[in-house]
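Asker: Please work out how this folds:
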Amino acid sequence: MLNSDQQRAVDFVSGPLLVLAGAGSGKTRVITHKIASLASRHGVPASRIVAVTFTNKAAREMRDRAAKLMGRKTAEEVRISTFHRFGLEILRREYAHAGLRRNFSILDSADSRALLRDALAQDAAVPDSLIESCRSSISAWKNELVDPEEAGRRAGDDLEAARARQYEAYQAALKSYNAVDFDDLLVLPTRVLGAHDSALQRWRDLTGYLLVDEYQDTNHVQYQLVRQLVGDRGFLTVVGDDDQSIYAWRGARPENLAILATDFPALEVIKLEQNYRSTRRILNSANALIAGNPHLFEKRLWSQHGDGDPVRILRARDARDEAERVAMEIQRLAIARRASWSDIGVLYRSNHQARPLEQALRSRGIPARVTGGPSFFERPEVRDVMAYLRVIANPDDDVAFLRIVNVPRREIGPTTIGRLAEYASARGQSLLEACFSTGLHGAVQEKAVVRLERFARRIVEWQDAAERGGSARELASDVIEATGYRDWLGESSRDRRQVERCLENLDELLDWLRRLSEDATDGRLTEVLGRLSLMDMLDRQEGDSQADAVSLMTLHAAKGLEFPHAFLVGVEEGLLPHHASIEAETVEEERRLAYVGMTRAMRTLTITHASRRARHGETVECEPSRFLYELPADLVEWEGREPERTPEERRERDQAAIADLRQMLSGP
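Answerer: Reported below is the predicted structural model:
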């Protein structure tokens, strides 16, 4: 059953709609019911309904829920995907308008860094910090739809002018490699639709109704893409919450919520204010905190779940003591509340806070899962095989070529590769194409030419196999066997356990490729590689949700999740809010981040802070976060600050403590 506000949001189809969905208010339920209603009651073909969100996990959940309402077969016709996946779908069809050839590659973050390093005068000594600074500037420009020429015109100093030139060199390299980066999956479709009326009309026809999830997280280019697809028809529903906008650092614009009313004067606004997740004490504490921020739209969440336990605030001596106390509290929850390990989430501001927490939990035998570790697709053996597949799919992918030309070893050294690159660059050829050039004999030693030709011919044989319909899984398996890659791994390391893990990763990759080949529309290698690339880049923060383990994760990674019992640790000045945000006077987003953390909790919420903490090799004194003082005194329990209680409240507390003790003594 939907509540009255949710039903209104589902039923409203006469114009553009903004659904202000507070934390835990059932936004996914509204979106999926509206998808089903559009198809069954309003005659919109399922194939013309488009729903976009930000993570593969959210898209999967949306599709699964829609399938329960309208049947799996009909739900599969609906375009439910991430923004980037939808952008890739447009680009696959409109590649020529984007100046690409059909078999273009998608560069991940590591390849993007390598390409940018090459653009910076091919200087291997360029520090990583400079590469990251350049990537950040280029990404920001792209998300604002600023091209290199415009970036150069806007440059206010020599540094910005240099960044603009690096941006231009980077884009030129992407074009020569017939490749795009992650940002291009949104930028290029937006530019194509803006410049080509035929493409714009085609995708508007394919988008009979558009639904956008987590709208507060959209950036400029995402909003422009939405605006283009919808046009003046207003067949649009966006769902968002400005109180949960926590991605300004990657270009998110919560003000896009307000811009809607300007671009769509007939915009209807419906608020979802009933929270189905948290108890009243948790929810009212979070409401009090977020009230300290200015709001585009006023709303106040309420809950029927009862008062629940007070929010507890614990003080620790240092990070180690904090971790030990959290571990003890988790053990108590497991015994007294019979909580499963997976019922518990430990949330923090920065990744470095995970280490002492993980150590404390595991020393007590408590299984823990740290979300946000290295991606499966970042493992060297996986990247090697993926690079082979990328060159097979796109012979112009020089970044992938350079990774595998001597993996496994073929006695093709750096000098040979350097001369090959110079030769190819002078003639405007890809590295693979240059391997077959007769003129290469004069630039590279004869033995090296033979080895390069042998390698290149093998790549061409696999390309022919792909053209004949060979699946990604078959090609990857043949690459591994034909190159002797498994044997090479064994010869390259004396650590047998490490080799075994690498071999297991290869088997897992082959299984991924098999499943994706079976699910792909036409099974083409390029489609499978595109899906894997997006899986890598969008799923980095997704752990194994099936494991019975305590979840350790950053507040950003916790967005969209919920836990019966949540711990918010390290709530101190300089950490939450972060010192960089204090200096930049952007504490409002830090308050939203704390609000998101608090509203992950369903039944109990425990907040911790330490008196001192190690920073940059020295111990510093810490003050409790300003956010803690914004919580209502009657809703929280500060350790060491016993509030005044009535005799009845003291009696209830004592009875609850006795009941907990009896449960502990009675055993399972």
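Asker: you'd agree residue 366 is up against residue 329?
Answerer: No: contact criterion CB atoms under 8 Å: residue 366 and residue 329 do not qualify, at 11.0 Å. To be clear about C-beta, it is placed using only N, CA and C from the backbone, and glycine gets the same treatment.
Asker: Which residue, other than its chain neighbours, is closest to residue 333?
Answerer: The shortest distance from residue 333 to any non-neighbouring residue, by CB to CB, 6 or more residues apart in numbering, is to residue 339 (4.4 Å).
Asker: three-state assignment of that neighbour?
Answerer: The three-state label given to residue 339 by DSSP: H, G, I helix; E, B strand; the rest coil is coil.
Asker: give the contact list for it.
Answerer: Residue 339 sits next to 333, 564, 565 when contact means CB atoms under 8 Å, 6 or more residues apart in numbering.
Asker: and the residues you listed, which of them are in strands?
Answerer: With DSSP state E as the criterion, strands contain 564, 565 from among those.
Asker: which one of the contacts of residue 339 is nearest residue 158?
Answerer: Proximity of the contacts of residue 339 to residue 158 (CB to CB) peaks at residue 565, which lies at 53.3 Å.
Asker: pull the CA atoms of the host helix or strand of residue 553 into PDB?
Answerer: Residue 553 belongs to strand 550-554 when assigned by DSSP states H and E. What follows is strand 550-554 as a C-alpha-only set of coordinates in PDB (Å, rounded to 0.1, in the frame of the first residue of the first chain):
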ATOM      1  CA  VAL A 550      29.700  -5.800  10.200                       C
ATOM      2  CA  SER A 551      29.900  -3.100   7.400                       C
ATOM      3  CA  LEU A 552      32.600  -0.500   7.700                       C
ATOM      4  CA  MET A 553      32.200   2.300   5.200                       C
ATOM      5  CA  THR A 554      32.500   6.000   4.600                       C
END
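Asker: where along the stretch 501-650 of the chain do the strands fall?
Answerer: Remark: strands assigned in the stretch 501-650 of the chain by DSSP state E, counting those that start in this stretch are 550-554, 563-568, 601-610, 612-615, 618-621, 636-638.
Asker: a markdown table for those, including mean pLDDT?
Answerer: Compiled in a markdown table, the strands of the stretch 501-650 of the chain are given as follows (pLDDT from 0 to 100):
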| stretch | mean pLDDT |
| --- | --- |
| strand 550-554 | 93 |
| strand 563-568 | 97 |
| strand 601-610 | 97 |
| strand 612-615 | 86 |
| strand 618-621 | 89 |
| strand 636-638 | 94 |
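Asker: Save the ones you listed as a markdown table, and put in distance to residue 588 and mean neighbour count too.
Answerer: A markdown table is the format used below for these (distance: least, CB to CB, whole Å; neighbours: other CB atoms under 10 Å):
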| stretch | distance to residue 588 | mean neighbour count |
| --- | --- | --- |
| strand 550-554 | 19 | 25 |
| strand 563-568 | 18 | 24 |
| strand 601-610 | 20 | 25 |
| strand 612-615 | 24 | 16 |
| strand 618-621 | 25 | 9 |
| strand 636-638 | 22 | 18 |
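Asker: need the contact list for residue 246.
Answerer: Taking CB under 8 Å, 6+ apart as the test, what residue 246 contacts is 252, 555, 556, 559, 589, 592, 593, 596.
Asker: Narrow those residues to those in helices?
Answerer: The helices, defined by DSSP state H, take in 589, 592, 593, 596 from the contacts of residue 246.
Asker: which one of those sits closest to residue 26?
Answerer: Out of the ones in helices among the contacts of residue 246, the member with the shortest distance to residue 26 (by CB to CB) is residue 596, at 16.9 Å.
Asker: Can you tell me how far that closest one is from residue 554?
Answerer: Distance from residue 596 to residue 554, counting by CB to CB, to the nearest Å: 11 Å.
Asker: Then residue 4?
Answerer: According to CB to CB, residue 4 and residue 554 sit 36 Å apart.
Asker: where in the stretch 401-550 of the chain is pLDDT low?
Answerer: 519-523, 534-547 (pLDDT under 70).
Asker: cool, the chain as well?
Answerer: 121-126, 372-375, 519-523, 534-547, 641-668.
Asker: On the strand side of things, show who residue 572 bridges to.
Answerer: Residue 572 forms beta bridges with residue 624, as assigned by DSSP bridges.
Asker: Same check on residue 315?
Answerer: residue 609.
Asker: That one contacts residue 612, correct?
Answerer: No: between residue 315 and residue 612 there is no contact under CB under 8 Å: 11.2 Å.
Asker: which helix is the longest one in the chain?
Answerer: Identified as the longest helix of the chain according to DSSP H is helix 496-519.
Asker: In that one, which of the residues would be classed as buried?
Answerer: Residues of helix 496-519 classed as buried by neighbour count (16 or more other CB atoms under 10 Å): 499, 502, 503, 505, 506, 509, 510, 512, 513, 514, 516, 517.
Asker: same thing with stretch 28-43?
Answerer: Neighbour-count burial for stretch 28-43 [16+ other CB under 10 Å]: 28, 29, 30, 31, 32, 33, 34, 35, 36, 37, 38, 39.
Asker: picking that back up, between the contacts of residue 339, which is closest to residue 82?
Answerer: For the contacts of residue 339, the minimum distance to residue 82 (CB to CB) is 28.2 Å, reached by residue 564.
Asker: Buried residues, stretch 82-94. List them.
Answerer: Residues 82, 83, 84, 85, 86, 87, 88, 89, 90, 91, 92, 94 are the ones in stretch 82-94 that count as buried (16+ other CB under 10 Å).
Asker: Tell me which of these fall in helices.
Answerer: 83, 84, 85, 86, 87, 88, 89, 90, 91, 92.
Asker: Just confirm the third one contacts residue 59, I think it does.
Answerer: Read it as residue 85. Yes: at 7.4 Å, residue 85 and residue 59 qualify as touching, with contact defined as CB under 8 Å.
Asker: Check the contacts of residue 246 against residue 230 and report the nearest one.
Answerer: Of all these, residue 230 sits closest to residue 252, with 19.7 Å by CB to CB.
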